[in-house]
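Novice: I'll drop the sequence and a predicted model, then ask my questions.
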Amino acid sequence: MEPSESHCPDVVLLVGGLGTRLRAALGEGTPKPLAIIRGRPFLWYLLRYVSEQQLHRITLATAHLSEAFQTEFQSYAPDGMDIRFSFEASPRGTGGAVVEALPAVETEPFVVMNGDSFVRAPLKQMLESHLKSGAVATLALVKVPDTARFGTVAVEPDGVITAFREKTGLQEPGWINAGVYLLSRRAIEPVLKLETSSIEKDVFPLWVGNGLHGFKVDSPFIDIGLPETYEAAGAFFEECGYA
């Protein structure tokens, strides 16, 4: 199915991670996407971003502490947003989480977002780029001044991704995966029958040189996976204008 220019892709938000590195700060009963930042859960900021992008149907791909999302989301979900849930009975990795969410997804392509990072990727322009290139998958890429704790992405001027490079620990600038993707269903066919899989390690490398594209985003980026980045999130969202 080829989407029209008015196509509004569904969103799968990956919120099933264990968040072990933040457990001391959050406690045993709070998953990372519900970590409180400036009086609001991180998920509130993600849903607000999705709403700003004029996307309205979202599936929360849950596993760990699934009930916490189902009991709390109604208090801060934007008006008019259709929120659905998928559930992993046992951890299946990010690839498995996407597979579990597929029955709730009605569009081709669809958006996948990490539930512990934030970047204001302009999804309308990203979708236009994805359709124009005929990509199997398009990754939002952001340039950070220090890639020491990230793997980097090699991308050509036309957007073709040529390689993923493991993190080196070197403090140098580079392009990284920002955790926002546009995927065709064909992109995840290789992991449909796997018990566990990683979208980053088991899916994307298979498509390098065969339909994997990057979309460079000029926007601040944060992930809250470490205590120090979680502590910095309040100032980050204040600078982004999220009062």
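Specialist: Thanks, I have it.
Novice: Now for Ala235, how many residues are close by?
Specialist: 12 (other C-beta atoms under 10 Å). Where C-beta positions appear, they are placed from N, C-alpha and C, glycine not excepted.
Novice: and it, what element?
Specialist: helix 227-239 (DSSP states H and E).
Novice: Tell me the gap between that helix and the middle of its chain.
Specialist: Here helix 227-239 is found 18 Å from its chain centre; the criterion is C-alpha atoms, centre = their mean, to the nearest Å.
Novice: which SS state does the residue positioned nearest the centre of the chain fall under?
Specialist: Centroid check for the chain by C-alpha atoms, centre = their mean gives Met113 as the closest residue, at 2.0 Å. Secondary structure assignment for Met113 (DSSP: H, G, I helix; E, B strand; the rest coil): strand.
Novice: Show me what counts as buried in stretch 118-135.
Specialist: Neighbour-count burial for stretch 118-135, counted by 16 or more other C-beta atoms under 10 Å, picks out Phe118, Val119, Arg120, Ala121, Leu123, Met126, Leu127, Ser129, His130, Leu131, Ala135.
Novice: Check stretch 38-45 too.
Specialist: For stretch 38-45, the neighbour count (16+ other C-beta under 10 Å) marks Pro41, Phe42, Leu43, Trp44, Tyr45 as buried.
Novice: so the last one sits in a helix?
Specialist: Yes. Looking at Tyr45 with three-state DSSP, it is inside a helix.
Novice: Now Leu131. Its backbone dihedrals?
Specialist: phi -70, psi -40 (degrees, to the nearest 10).
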